[in-house]
Every structure is written in structure tokens, then in C-alpha cells.
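Colleague: When you get a sec, could you give me coordinates for this:
(chains A and B)
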Protein chains: 2
Amino acid sequence: MARGLNSVQLIGTLTQAPDMKYTAGGLAILELNLAGNDHVVGSDGQLRELAWYHRVSVFGKQAEYLVDQLAAGTPVFVEGRLNYRAWEDASGQKRSALGINAVRVDVLTHGPRKGEPTVLDARGQERLKNALNHVTIIGNLIRDAELRYTPSGDAVTRFVVAVNEQYRDRSGQDQESVHFVEVNVWRELAESCAELAKGDPVLVIGRLVKDNWTDKDGNRQYKDKLEGSRVEYLTRGPGGGG
Amino acid sequence: MARGLNSVQLIGTLTQAPDMKYTAGGLAILELNLAGNDHVVGSDGQLRELAWYHRVSVFGKQAEYLVDQLAAGTPVFVEGRLNYRAWEDASGQKRSALGINAVRVDVLTHGPRKGEPTVLDARGQERLKNALNHVTIIGNLIRDAELRYTPSGDAVTRFVVAVNEQYRDRSGQDQESVHFVEVNVWRELAESCAELAKGDPVLVIGRLVKDNWTDKDGNRQYKDKLEGSRVEYLTRGPGGGG
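Modeller: Model prediction:
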């Protein structure tokens, strides 16, 4: 398996004052709800502003240090990692979600001179117009990529990348975990990624987007995915990334 | 001082087979010479391909592991850090340089299907057309920013950011170092950055470029700088990044 790389950089504004929680063990967890607009060139060659809303979790001392500095509308820079969680819900169904755990958070200032305007969204929350949403992962495909075409004829290829993480936990133990990241790529990139197969090691750069749909019980469901703007094939084999 | 952030992501091709050296203490150092083209929108709104050549240093086991996998033309992804060095040359003059130390290097594959064409440069070296050159730093200005205008009327603001680094060295000692990174920003961003003052904490995202000039003795000199595409002001003060 390729050695995992898992890097998220976001710049956005807080949609509301952050929520502080404590685990039973006393660990502080601060939940930041961030919003921003990405600037993306669509299939028609036109530049579009696409809104995103993502939640970032901050832990421990950093959470306690930040809580008094943050309010609705505060712009922040986040460096973090994608965090995959899987669980069974009350009805016994398997569920999973991709979140963002902060490695560091820096509070930005803005004002007229700094050119950081925001838009008010439908709920009256400030969303940063010129946001940053830069995700880089390295991992291996868990099954073959699937190419489909939308009704309007756009090619879209979907694949899931397993990103390994090795880390030392709070008690000093070496731990391993795997984060499963769903990737969508579009148009020309979709065609060139259609042959990616199970096990292939890849580097993907893109932006985190929230997919939403209505499930069979009529509930609105959300899932974070990586919309890839760049995919590189890593070398396989004993000496390589495979 | 703001807690430093120092992150470099490059994708480029090797212009030549890498050089392996060993320090007196037996540490392996592999020097990679990478080349790529950035795609940058100029003052006239036109997209330009701008070539870059950067040297990346890889250390220890990673160097020994990589040396046999790399040849002229091999495409690689590098995650690394800017590394500032200062010294006195033979004539007693102070000199400094910014280099890149690799944190990790991944060998990429390319071929017709993967859409990674290269151009042959004037020396017959392969340079990757669609390269990646993404640098992110956080630090403090060491003096006030300077705004100038080029003869053609373009605003350019120059400032130097001190990026702190805390790390554990090979003998397990905690060490601190400071990397001085020269930043240039152009046009509207130059005007909005003109008021940046000594001590201000900033986040800068940009690409690494090589400035070159002829010194008074007629020798060609080169210096790496960060061409900033985005500058954010961090909050100052006891609770903030200042």
C-alpha cells in the first residue's frame, strides 16, 4: 500500500459561534462550521462560484485556546486531515462520514482593505467569497474505477481511495487507521481515469464537496467527497508506491 | 511570533539523474533537479506557461531508497519545506539561499494515456508541462513592506517573512530555526499589501520562482522567492498569531 498522504487546507468564515464539547475523558472538542465559495471552471468554460459548508473538529488545548477568539463571521485558515468514521445507526444500517480534523487553525482578520468580502447566504450566515479548499491525498483504489455519463453527456469517473495513516496516539502507542475517500473526476480527466484499477496507487488533488440526496425513508443525506482536479498515477511495485 | 507553517508541494520531472552525496557523518543526501511549467495569468489577462527549475534535497534512508528509481525525465511529487541557509563566501560576503528539503518524494508514472507531456528545454532536458508548484507559509514580516512600480506601471510589493520552525533533530534535541522567505506580490494584491508592517503575521500562498541577476563582478546570481497569489493577515495579539 502506498504510504498515505492526507492534507486539507481551507480558508472560510464561521457560519456561527463554535460549539465546545468535552468527551467523558475530559478532552475538549471544538466544532467549527465553515463556509466559502470556490471558483471553478465548468464544462461550458464559464467560471462559477460554488458554495461549500464543512465542519472542522479541533481538539484539546488548541480548542480551548481558540474558543474565545471565534464568532460568527470570523475568517480562519485550517490545516487538517480528512477523517473517516464508520458506524451502525439505530436501525442497524452501516453509515460512514468523512470529516475534517484540524492540525492547526489560524484566525485571519479582514476588512475593506484586505479584500475579503463575504456573501450572506439564505440563512443570513456570512460565507467567504474567495475561499480556499485544497485537498491532497495519496492512497490506493479499493476497487476498479467506474466511468458513467450524465444525462447531458458529461463523463464522470468515481473511485474510492484508501488513505493509510500511521500516528502516535495520546498514550504514546503507534496506531494505524485507514480513511476511505470517495473521488469524482469529470470530463477529460474522467476519461483518462476510467482505467484505474483496484490497488492502483494515486495522488489526487482537489476540493472537498458535499454530496446530498434523499434516502428511501425520505431523509436528506449528506456525504463529503473529493472532486479531483488532478490525478497522478504512482509507480507500483516493491520499490514504488504500490 | 506566529507559529510557522512551511509547506511545499511540487510536481515536476527530473532534468538529470540525481546526485548522491554523503556527509562526513555518513548521512545520504540526494539532490533532485526538477523542472516544470506553471500556468499563470499575466497582467494582460493572458494565460502563460512559465518554466521553473528547483533543486530538492532528500536525506537519509529515503535518499538511498529513491536513488535507483530515478532517472532523467522521471516525474515526481515532492512534499517538502523551504530551507534557508546563510553563510559567508570566500571573499567574506554574506550570502544566503532558499532551498527545498523533501519530507516525502513519490515517483509518478506517465505515458500517453495519462496526459503528462513534457517539453524539451534548450539543454535537451525534459520539463513537465503541467507542473505543480504550491507553497504555503505562515510567519511575520521582518520589516515594512515596500511598494514599487515597474517601468510598465505594474505595482509590485516586496516583503520578507520570517518562518519559525521547531523540530526534533536526529539526536532527539528540540531545535528552533528561522527561514527568511522573500515574497513578491503584483498588481492589485501589491496595492493591498503595501501597508503590511514589520512584525505583522501573514499567511502567504504562492509559487516558488527563481530570480536571477548579474552582480557587480559580472557573475550570474540566482535566488528563490515566493511569488504570492494570496496573502491573508493573521490576527495579532496575545491570543492570536502576532
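
Colleague: pretty sure A:Val41 is touching A:Leu47, no?
Modeller: Yes - under the criterion of CB atoms under 8 Å, A:Val41 makes contact with A:Leu47 at 5.6 Å. Quick note: C-beta positions are derived from backbone N, CA and C, even for glycine.

Colleague: Now for the residue minimising distance to the centre of chain A: which residues touch it?
Modeller: Nearest to the geometric centre of chain A sits A:Leu208, at 4.0 Å (CA atoms, centre = their mean). By CB atoms under 8 Å, 6 or more residues apart in numbering or on different chains, the residues touching A:Leu208 are A:8, A:10, A:52, A:54, A:82, A:98, A:100, A:133, A:135, A:224-227.

Colleague: Which helix or strand contains it?
Modeller: strand A:201-214 (DSSP states H and E).

Colleague: So in that sheet, which strands flank the helix or strand that that strand is followed by, and in what orientation?
Modeller: Downstream of strand A:201-214, the first helix or strand assigned by DSSP H and E is strand A:220-233. Next to strand A:220-233 in the sheet, as set by DSSP bridges, lie strand A:174-186 (parallel), strand A:201-214 (antiparallel).

Colleague: Using PDB, write out every CA atom in strand A:220-233.
Modeller: These are the backbone C-alpha positions of strand A:220-233, laid out as PDB (Å, rounded to 0.1, in the frame of the first residue of the first chain):
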ATOM      1  CA  ARG A 220     -31.900  14.200   3.500                       C
ATOM      2  CA  GLN A 221     -28.400  12.600   3.500                       C
ATOM      3  CA  TYR A 222     -25.000  14.300   3.100                       C
ATOM      4  CA  LYS A 223     -21.600  12.900   2.300                       C
ATOM      5  CA  ASP A 224     -18.300  14.600   1.700                       C
ATOM      6  CA  LYS A 225     -16.400  13.700  -1.400                       C
ATOM      7  CA  LEU A 226     -13.300  14.800  -3.100                       C
ATOM      8  CA  GLU A 227     -13.800  16.500  -6.500                       C
ATOM      9  CA  GLY A 228     -10.500  15.800  -8.200                       C
ATOM     10  CA  SER A 229      -8.900  18.400 -10.400                       C
ATOM     11  CA  ARG A 230      -5.700  16.400 -10.800                       C
ATOM     12  CA  VAL A 231      -4.900  12.700 -10.600                       C
ATOM     13  CA  GLU A 232      -1.400  11.200 -10.900                       C
ATOM     14  CA  TYR A 233      -0.500   7.600 -11.100                       C
END
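
Colleague: Quick check on A:Leu196: phi, psi?
Modeller: Per-residue torsions, A:Leu196: phi -60, psi 140 (degrees, to the nearest 10).

Colleague: With A:Leu189 instead?
Modeller: phi -60, psi -30.

Colleague: Surely it touches A:Gly228?
Modeller: Yes - counting by CB under 8 Å, A:Leu189 does reach A:Gly228; the two are 6.8 Å apart.

Colleague: Please say which of the two ends up with more neighbours.
Modeller: Set side by side, A:Leu189 and A:Gly228 show more neighbours around A:Gly228, with 25 against 19, by other CB atoms under 10 Å in any protein chain shown.

Colleague: Might one say that the more buried one is in contact with A:Ala190?
Modeller: No - counting by CB under 8 Å, A:Gly228 stays clear of A:Ala190, with 9.3 Å between them.

Colleague: Flag the shaky bits of chain A, pLDDT-wise.
Modeller: A:110-116, A:237-242 (pLDDT under 70).

Colleague: buried ones in stretch A:154-166?
Modeller: Buried residues in stretch A:154-166, counted by 16 or more other CB atoms under 10 Å in any protein chain shown: A:155-157, A:159-165.

Colleague: just the strands in chain A please.
Modeller: In chain A, the segments counted as strands under DSSP state E are A:5-14, A:19-22, A:28-41, A:47-59, A:75-88, A:94-107, A:118-120, A:126-128, A:132-141, A:146-149, A:155-168, A:174-186, A:201-214, A:220-233.

Colleague: tell me which parts of chain A are close to chain B?
Modeller: Remark: the part of chain A in contact with chain B comprises A:2-3, A:5, A:7, A:9, A:11, A:65, A:68-69, A:75, A:77, A:79, A:104, A:106-110, A:113-116, A:132, A:134, A:136, A:138, A:188, A:192, A:195, A:203, A:205, A:230, A:232-236, A:239-241, using CB under 8 Å from any CB of the partner chain.

Colleague: Buried by neighbour count, from the residues you listed: which ones?
Modeller: Buried among the residues of chain A next to chain B (16+ other CB under 10 Å): A:2, A:5, A:7, A:9, A:11, A:75, A:77, A:79, A:106-110, A:114, A:116, A:132, A:134, A:136, A:138, A:192, A:203, A:205, A:232-236, A:241.

Colleague: The strand holding A:Leu208 relative to strand A:75-88, how many degrees between them?
Modeller: Angle, strand A:201-214 to strand A:75-88, by axes from the mean of the first three to the mean of the last three CA atoms, to 10 degrees: 80 degrees.

Colleague: Give me the angle between strand A:201-214 and strand A:28-41.
Modeller: Per the same axes, to 10 degrees, the angle that strand A:201-214 makes with strand A:28-41 is 100 degrees.

Colleague: tally of neighbours for A:Lys210?
Modeller: Neighbours around A:Lys210, by other CB under 10 Å: 14.

Colleague: measure it to chain B for me?
Modeller: Using CB to the nearest CB, to the nearest Å, A:Lys210 is found at 23 Å from chain B.

Colleague: My read is that that residue contacts A:His54, right?
Modeller: Yes - using CB under 8 Å, A:Lys210 makes contact with A:His54 at a distance of 7.3 Å.

Colleague: Show me whatever sits in contact with both of those two.
Modeller: Counting by CB under 8 Å, 6+ apart, the residues touching both A:Lys210 and A:His54 are A:Asp224.

Colleague: what sits against the nearest residue to A:Thr13 once chain neighbours are set aside?
Modeller: Nearest non-adjacent residue to A:Thr13, counting by CB to CB, 6 or more residues apart in numbering or on different chains: A:Leu128, 4.4 Å away. Applying CB under 8 Å, 6+ apart, we find A:Leu128 in contact with A:11-13, A:35-37, A:75, A:116, A:118.

Colleague: For A:Leu128, give the beta-bridge partners.
Modeller: If you apply DSSP bridges, the partners that A:Leu128 bridges to are A:Gly36, A:Thr118.

Colleague: So it versus A:Val67, what's the distance?
Modeller: Between A:Leu128 and A:Val67 the computed distance is 20 Å (CB to CB, to the nearest Å).

Colleague: go on, A:Thr214?
Modeller: Distance, A:Thr214 to A:Val67, using CB to CB: 35 Å.

Colleague: between the two, which one's more packed in?
Modeller: Remark: of A:Thr214 and A:Val67, A:Val67 carries more neighbours, 15 against 9, as counted by other CB under 10 Å.

Colleague: Name all residues that make contact with the closest residue to A:Thr235 other than its chain neighbours.
Modeller: Setting aside the residues directly before and after it, A:Thr235 is nearest to B:Val107 in space (CB to CB, 6+ apart), at 4.2 Å. Counting by CB under 8 Å, 6+ apart, B:Val107 touches A:234-235, A:240-241, B:66, B:69-70, B:74-76.

Colleague: now those residues as JSON lines including distance to B:Lys21?
Modeller: Below are these laid out as JSON lines (distance: CB to CB, whole Å):
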{"residue": "A:Leu234", "distance to B:Lys21": "26"}
{"residue": "A:Thr235", "distance to B:Lys21": "24"}
{"residue": "A:Gly240", "distance to B:Lys21": "24"}
{"residue": "A:Gly241", "distance to B:Lys21": "25"}
{"residue": "B:Leu66", "distance to B:Lys21": "14"}
{"residue": "B:Gln69", "distance to B:Lys21": "18"}
{"residue": "B:Leu70", "distance to B:Lys21": "15"}
{"residue": "B:Thr74", "distance to B:Lys21": "19"}
{"residue": "B:Pro75", "distance to B:Lys21": "23"}
{"residue": "B:Val76", "distance to B:Lys21": "19"}
